[in-house]
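In: Sequence and predicted model, in that order:
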Amino acid sequence: MRMIIGRLRKYYIIARVSFINSITYRAPLFTRFVFYTMFIYIFMGLWGAIYREGGVNGYSYTQMVWYLIMTEGITFACGSGVFGMMNSDIKTGSIAYQLGRPTHYVLYQFASSAGQMLLNIILFGALAAALGLIFVGPLPGFRLGVIPPLALSVTLSIIQNYFSLMLLGLSSFVIEDNSALYLIYQKLNFMLGLFLPMEFLPEAIQRVARNLPFSYVYWAPAKIFVGYTPELFWQLIPRQAMWAILAVTLTMLAYNFSVRRLQVNGG
């Protein structure tokens, strides 16, 4: 037990240092704040034109704006460069030097990113709430009791997305140019939840999308946010947890396989 606690403490310290560093070097956040605000404002005008005829697919205009604020907030707050970083580490061979550290490479990267993402979530969460209240007012039906299930959903979304990107990064061991995989993953996330709720898609595509991981990165937490019910919680959270666990498991398996291959081939 002490050994497990000691190992976990290492990654806690890494995350804490990352959090402190993010506070110290927070100037780049200002540019992202500006882009986030501009993005929401532009799309709010676009949806305003669409909603002149009334509600669309069960979403009111206010819900749609808050939906977009949530999905884009997750993107801006937790957008991780882990894919590009891992590509660089693997292709330049620098990963071989990092394997000598007394930490697990995958867990080290996640802990290091977690500190920065925590600060981003706090700051972008405050900005998102302010923009929503200023632009369209309070979200109808929202209550404080929604915050715990929403926090769980967002956490699962971040874990799934981060480890999925890391899994794509590990593909550099076997695919020389894996940028196409990243673009496909990114575009599927965009189409299945980031810009549009899944309910806006044709019924046949919806049935397929509900059985794919991509819609659970953005659509699931945003749907819980704008239309929470206990039934919706039990419908979405187990699937989010399943995809998050699968992403972590596949990443660990791919990493172990890749490291063994690296050691066998001599680096």
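Out: Structure's in. What do you need? None of the values given here were measured: they were computed from a predicted structure. Numbering: from 1, shown residues only.

In: which residues of the stretch 151-267 of the chain score low on pLDDT?
Out: Low-confidence segments of the stretch 151-267 of the chain (pLDDT under 70): 261-267.

In: Pull the distance from whichever helix or strand residue 233 is part of to the chain's centre.
Out: Taking DSSP states H and E as the definition, residue 233 sits inside helix 230-264. Put simply, helix 230-264 sits 14 Å off its chain's centre (C-alpha atoms, centre = their mean, to the nearest Å).

In: So which bits of it are buried?
Out: Under the neighbour-count criterion of 16 or more other C-beta atoms under 10 Å, helix 230-264 has 233, 236-237, 239-241, 243-244, 247-248, 251-252, 254-255, 258-259, 262 buried. (Glycine included, C-beta is placed from N, CA and C.)

In: What segments of the stretch 51-200 of the chain are helices?
Out: Along the stretch 51-200 of the chain, the stretches classed as helices by DSSP state H, counting those that start in this stretch are 61-78, 82-92, 95-98, 105-135, 147-170, 179-189.

In: out of those helices, deepest packed?
Out: helix 61-78 (a mean of 23; mean count of other C-beta atoms under 10 Å).

In: Residue 33: which of the helices of the stretch 51-200 of the chain is closest?
Out: Proximity to residue 33 (C-beta to C-beta) singles out helix 105-135 among those, at 6.0 Å.

In: Next, the angle from the closest one to helix 61-78.
Out: Calculated by axes from the mean of the first three to the mean of the last three C-alpha atoms, to 10 degrees, helix 105-135 forms an angle of 150 degrees with helix 61-78.

In: Taking their axis directions, helix 105-135 and helix 230-264 sit at what angle?
Out: Using the same axes, to 10 degrees: helix 105-135 against helix 230-264 is 150 degrees.

In: now for helix 105-135, which elements pack on it?
Out: With contacts taken as 3 or more C-beta pairs under 8 Å, 6 or more residues apart in numbering; DSSP states H and E, helix 105-135 sits against helix 2-24, helix 27-50, helix 61-78, helix 82-92, helix 95-98, helix 147-170, helix 230-264.

In: can you list the ones you listed in JSON lines and add distance to residue 219?
Out: Formatted as JSON lines, the helices and strands packed on helix 105-135 follow (distance: least, C-beta to C-beta, whole Å):
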{"stretch": "helix 2-24", "distance to residue 219": "28"}
{"stretch": "helix 27-50", "distance to residue 219": "16"}
{"stretch": "helix 61-78", "distance to residue 219": "8"}
{"stretch": "helix 82-92", "distance to residue 219": "21"}
{"stretch": "helix 95-98", "distance to residue 219": "34"}
{"stretch": "helix 147-170", "distance to residue 219": "9"}
{"stretch": "helix 230-264", "distance to residue 219": "9"}
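
In: In space, what's closest to the residue most central in space within the chain - neighbours in sequence excluded?
Out: In the chain, the C-alpha nearest the mean C-alpha coordinate belongs to residue 158, at 3.6 Å (C-alpha atoms, centre = their mean). Distances taken as C-beta to C-beta, 6 or more residues apart in numbering put residue 78 closest to residue 158, at 5.0 Å, once the chain neighbours are dropped.

In: Surely the one you found touches residue 165?
Out: No: using C-beta atoms under 8 Å, residue 78 makes no contact with residue 165, being 10.6 Å away.
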